[in-house]
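Peer 1: A predicted structure for the sequence below; I have some questions about it.
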Amino acid sequence: MRLPVHTFGIAVALGMVAFASTDTAAASKEIRHQVVVASSAATAWGAWTTNDGLQSFFPGIRPGGTNVHLEPHGAYEFEFNPDRPYGSRGCDRCFILAYEPERMLSFAWDHRVDSPVRGQMTHVVVRFEALGPVETRVTLVVDGWGDGPDWDESFRFFDNAWREVMEQFRAYLDGSKGADRLEKESEPQHTTQGGQGE
């Protein structure tokens, strides 16, 4: 049985709408968390762009567990399991994509070591908006997610993980007496022979 021309056209149009909706949903899949911290934009920036800053608030990181080199394609590495071989310690092949001092930091972030999509980096952007001399809005967005059960599992895990990171970040800057020193440490880091930022 042949459909009338106008019926066939409607069916095609509806199919295109359904396809476009599915495609748009996949493209818009992202993690987003936002906090307002009681600090200057410079201090908030320093917390995300220096080894001392990150080791002060990032969950699961021990002293010496980060390697940050603030330049495009510079290291942005986190060792959650330092006793394992390099490549399976955490985000030990992560790197900086771009940055705008005190306004924006973007970096590549890997999946868990036991994830089937390990090695397929997601894209993290952290934006800093000064609301006042000692008040800053910080927004974190993670995109670059694929489809399927393995991606969905990683998405759920990191949605919770990044939420905890942002909560710890806010708690650190709202309560740390020594946070102001980060303003002096937000310059690009130079790597040493041991691979850690100075």
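Peer 2: It's in.
Peer 1: going forward, measure contacts between C-alpha atoms and count neighbours the same way
Peer 2: Fine.
Peer 1: so where's the protein shaky on pLDDT?
Peer 2: 1-27, 82, 85, 87-90, 176-198 (pLDDT under 70).
Peer 1: spatially central residue in it, please.
Peer 2: The centroid of the chain falls nearest to V124 when counting by Cα atoms, centre = their mean (3.4 Å).
Peer 1: and the closest residue to it other than its chain neighbours, how far from H33?
Peer 2: Nearest residue to V124, sequence neighbours excluded (Cα to Cα, 6 or more residues apart in numbering): V142, at 4.4 Å. Distance of V142 to H33, computed by Cα to Cα, to the nearest Å: 9 Å.
Peer 1: test my guess that the residue nearest to V124 contacts M121.
Peer 2: No. Contact criterion Cα atoms under 8 Å: V142 and M121 do not qualify, at 10.4 Å.
Peer 1: neighbour-wise, which of these two wins?
Peer 2: V142 (23 against 19; other Cα atoms under 10 Å).
Peer 1: are we agreed that that one is in a strand?
Peer 2: Yes. Using DSSP: H, G, I helix; E, B strand; the rest coil, the secondary structure at V142 is a strand.
Peer 1: spit out the contact partners of it.
Peer 2: For V142, the contacting residues are E30, I31, R32, T122, H123, V124, V125, by Cα atoms under 8 Å, 6 or more residues apart in numbering.
Peer 1: take the residues you listed and keep only those in strands.
Peer 2: Using DSSP state E, the members of these that fall within strands are I31, R32, T122, H123, V124, V125.
Peer 1: which of those lies closest to A161?
Peer 2: I31 (10.4 Å; Cα to Cα).
Peer 1: and that closest one, how far from F58?
Peer 2: The value you get for I31 to F58, if Cα to Cα is used, is 18 Å.
Peer 1: farthest-separated two in the contacts of V142?
Peer 2: R32 and T122 (13.2 Å).
Peer 1: dump the residue contacts of F169.
Peer 2: F169 neighbours (Cα under 8 Å, 6+ apart): F57, F58.
Peer 1: oh sorry, the question was meant for P101
Peer 2: W45.
Peer 1: show me which helix runs longest in the protein.
Peer 2: Assignment by DSSP state H gives helix 149-175 as the longest helix of the chain.
Peer 1: list the buried residues of that helix.
Peer 2: Across helix 149-175, burial judged by 16 or more other Cα atoms under 10 Å covers 151, 154-155, 158-159, 162-163, 165-170, 172-173.
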